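Chemist: No letters, just coordinates:
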């Protein structure tokens, strides 16, 4: 029985149009398509009205979900149109490629076993790196050269993509398949052969499927495959040879499902082996059979105008004319994207690359993202996510957008929980952004952008549970069980509370206590306080139970307060800097906690620290400032500590370190307190000449942390020699009254006033 093989370029609109024209002539009674046989039960979804390409078949191993393969389809993909043609005509259609259950189990020495089309050679193109069977001078393909690159070179094109686009995709000639078949047969006969056996196994499997169709009595069998495989499927060798090749192949369990796809992931530059360079342009070719060039240039002009760039009607007409002229000059029967880009750059953008990049992003590639019907997913967690997206009105979109959530609203709170749960499952659909001011306690801002590969991570998360919430909770438990340090375990607390995974909180906190019990020093315990304190604030807004968290916070705080003074003794400069960061973190954290007993114990611990005889000045100064700002130390006590640290018997560098700790990030205390100002001023003036160069860098570093307004006020006080009591006179110090008087006549004239001449009688 005759077999009609149609060699196509995947994702080619010209190939698709030619294929449909050939089908109308042939009227096939069955259609066989190169593709994974495991997806045959998924073909029916193609005809669901809710299925909107680009979409992709996802074949994956349930025991290793990340070992997966995508088979994308666009509206202009020949395979997509072949299958839909069969559905319209009521004829059977199926995939016929080597089962992925075998392909994923192929040993590495025979070829890539678990690679995806993003790693393999493009369908319709031969694999790279083949060893030639003939000498270079006997074949049209040079040694080491890709066969299809060779044919493009012979035709005078710079690459195969442009050659195929010019001769096939931009023409849509239904007589092209015979020429394609002849060219591929010549290349397979004279060109290099594959170095691995995967292609041989695939072609053997497809031939077996063709024989099965023949045995079923089909008389007009249409086979749609990559152009490179066409000759191997036309002349069928004895069946026993192919059966012998396929006998005994290893096998693993695989499943298939549909996922949304994007034009960006069809790009060759994305790493997709069968990728193309211009999916947006190809879709334009597919949807606009007539006036293709005019409509494309109109799209370009509209885009430029939307971006407030010049694109007049005259420029549009000139761009079309130039593109047609370039095509004629280059001997091409039709205008291709190359001519359109050259004409656009010349006429509309005047060589400016920025608009050209915009045209490439928005039109040549496009921002299309497909949709999959509800129920097409086969993995429970995937179905649960789709249900949650629908319930919360969070539609996956490719274009990034901001989402502002008010956590006081139930719907927004649920959206926040879903996004946090997905983040815990390595699905960063939303990326949180900082919120400043009073809104920060009950607002969240997210940047949302869905990527097709997230579907793989969602399926991979199925190992943890059948719903997003259950999977996130179980993964948190696993991360807690394997955590070995306090930073690791405390990093889980905030996301699990924000995700409302309260059932996972107790295992995490138990693990936290276990690690804390073996913590080598107080500094390690102090890592845990800030996240615990932040988590304790979420109960009111997020409606979460904080009891267990507060117990852990109390336990760790008690241990830290008891051992802080010992930990701060005899610190060198490096250790003092590290300890200061820990103390500042704990101090700021406890300030936001509604627990007076905790803060009181903390202030007592700070007082014990500042009383140490060998305390490093950096730590001593900062602890004194914390106590002063909290009202736990009087100005007189602070002045006494400062005076002691700046006394003549103390090393000036140690005194400067104390000042740095005391004044870091704020000099307001110097502006409002004359005693402290005088102590620091007198100490600086009494420094010996040989000590001043060593102390100056420390002082400059300290004062550089002050806000600009404070630095200006401090400078004015120093220049004027003023004290706080001088009040208004300080503000007027240094004013040049003579220069100011010169502006008075003009100001008087503007205000309609008459100034008295000071020299008049």
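Modeler: That came through fine. Remember, it's a predicted structure, so these values are computed and weren't measured experimentally.

Chemist: remind me which residues of the stretch 1-150 of the chain are low pLDDT?
Modeler: Applying pLDDT under 70 to the stretch 1-150 of the chain flags the ranges 1, 66, 107-148.

Chemist: where along it do the strands fall?
Modeler: Shown for the stretch 1-150 of the chain, the strands assigned by DSSP state E, counting those that start in this stretch span residues 3-8, 30-36, 55-61, 64-73, 93-97.

Chemist: could I get those as CSV with distance to residue 202 and mean neighbour count?
Modeler: From N, CA and C alone the C-beta is placed, and that goes for glycine too. CSV is the format used below for the strands of the stretch 1-150 of the chain (distance: least, CB to CB, whole Å; neighbours: other CB atoms under 10 Å):
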stretch, distance to residue 202, mean neighbour count
strand 3-8, 15, 23
strand 30-36, 8, 24
strand 55-61, 14, 25
strand 64-73, 13, 21
strand 93-97, 6, 22
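
Chemist: Export these to JSON lines and append columns for distance to residue 703.
Modeler: What follows is these, written out as JSON lines (distance: least, CB to CB, whole Å):
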{"stretch": "strand 3-8", "distance to residue 703": "72"}
{"stretch": "strand 30-36", "distance to residue 703": "68"}
{"stretch": "strand 55-61", "distance to residue 703": "60"}
{"stretch": "strand 64-73", "distance to residue 703": "54"}
{"stretch": "strand 93-97", "distance to residue 703": "72"}
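
Chemist: Of those, give the one that comes closest to residue 252.
Modeler: strand 55-61 (5.8 Å; CB to CB).

Chemist: and the closest one, which strands flank it?
Modeler: Partners of strand 55-61 in the sheet, by DSSP bridges, are strand 64-73 (antiparallel), strand 255-260 (antiparallel).

Chemist: and it, how far from the chain's centre?
Modeler: 21 Å (CA atoms, centre = their mean, to the nearest Å).

Chemist: circling back: between the strands of the stretch 1-150 of the chain, which gets nearest to residue 638?
Modeler: strand 64-73 (59.0 Å).

Chemist: Out of the strands of the stretch 1-150 of the chain, which gets nearest to residue 263?
Modeler: The nearest among the strands of the stretch 1-150 of the chain, by CB to CB, is strand 64-73 at 9.8 Å.

Chemist: Residue 56 and residue 262 touch, don't they?
Modeler: No: counting by CB atoms under 8 Å, residue 56 stays clear of residue 262, with 9.4 Å between them.

Chemist: returning to what we had before: nearest to residue 42, out of the strands of the stretch 1-150 of the chain?
Modeler: The nearest among the strands of the stretch 1-150 of the chain, by CB to CB, is strand 55-61 at 6.3 Å.

Chemist: Just want the most central residue of the chain.
Modeler: Nearest to the mean C-alpha position of the chain, by CA atoms, centre = their mean, lies residue 428 at 7.1 Å.

Chemist: Export the strands paired with strand 55-61 as JSON lines, with columns for distance to residue 519.
Modeler: Compiled in JSON lines, these are given as follows (distance: least, CB to CB, whole Å):
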{"stretch": "strand 64-73", "distance to residue 519": "35"}
{"stretch": "strand 255-260", "distance to residue 519": "45"}
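
Chemist: distance of residue 294 from residue 533?
Modeler: Here residue 294 is placed at a distance of 65 Å from residue 533 (CB to CB, to the nearest Å).

Chemist: higher neighbour count, the two?
Modeler: The residue with more neighbours, out of residue 294 and residue 533, is residue 533; 23 against 15, by other CB atoms under 10 Å.

Chemist: I figured that one hits residue 593, correct?
Modeler: Yes: counting by CB under 8 Å, residue 593 is a contact partner of residue 533 at 5.1 Å.

Chemist: so what sits against both of those two?
Modeler: By the contact definition CB atoms under 8 Å, 6 or more residues apart in numbering, residue 533 and residue 593 are jointly contacted by residue 553.

Chemist: Lowest-scoring secondary structure element of this protein by mean pLDDT?
Modeler: helix 728-732 (a mean of 45; mean pLDDT, DSSP states H and E).

Chemist: and after that helix, which helix or strand comes next?
Modeler: helix 737-741 (DSSP states H and E).

Chemist: Please name whichever of the strands of the stretch 1-150 of the chain is nearest to residue 506.
Modeler: Closest among the strands of the stretch 1-150 of the chain, using CB to CB: strand 64-73, at 28.7 Å.

Chemist: how near is residue 453 to residue 460?
Modeler: Relative to residue 460, residue 453 is positioned 11 Å away (CB to CB).

Chemist: Which one of the two is surrounded by more residues?
Modeler: More crowded of residue 453 and residue 460, by other CB under 10 Å: residue 460, with 21 against 14.

Chemist: what helix or strand does that one sit in?
Modeler: Per DSSP H and E: helix 454-460 holds residue 460.

Chemist: For the residue nearest to the centre of the chain, which non-adjacent residue is spatially closest?
Modeler: residue 422 (7.4 Å; CB to CB, 6 or more residues apart in numbering).

Chemist: Hmm, that neighbour is touching residue 468, no?
Modeler: Yes: using CB under 8 Å, residue 422 is in contact with residue 468, at 6.6 Å.

Chemist: anything in contact with each of those two?
Modeler: In contact with both residue 422 and residue 468: residue 385, using CB under 8 Å, 6+ apart.

Chemist: any idea how far residue 480 is from the residue nearest to residue 330 when sequence neighbours are not counted?
Modeler: Nearest residue to residue 330, sequence neighbours excluded (CB to CB, 6+ apart): residue 339, at 7.4 Å. In this view, residue 339 and residue 480 are 61 Å apart by CB to CB.

Chemist: try residue 278
Modeler: From residue 278 to residue 480 the distance is 48 Å (CB to CB).

Chemist: ok, now residue 343?
Modeler: 61 Å.

Chemist: Equivalent analysis for residue 509, please.
Modeler: Taking CB to CB, one finds residue 509 at 9 Å from residue 480.

Chemist: Just after the longest helix along the chain, pick out the following helix or strand.
Modeler: Assignment by DSSP state H gives helix 547-567 as the longest helix of the chain. The element immediately downstream of helix 547-567 (helix or strand, assigned by DSSP H and E) is helix 573-591.

Chemist: Contacts for that following helix, please.
Modeler: Contacts for helix 573-591 (CB under 8 Å, 6+ apart): 522-523, 526-527, 529-530, 532-534, 557, 560, 564, 567-568, 571, 598-599, 602, 606, 616, 618-619, 622-623, 626, 657, 661.

Chemist: Tell me the helix or strand right after that helix.
Modeler: Heading C-terminal from helix 573-591 (DSSP H and E), you reach helix 596-610.

Chemist: Could you give the average pLDDT over that next one?
Modeler: The pLDDT scores in helix 596-610 average 90.

Chemist: Tell me the gap between that helix and the middle of its chain.
Modeler: On CA atoms, centre = their mean, the centre of helix 596-610 falls 43 Å from the chain's centre.
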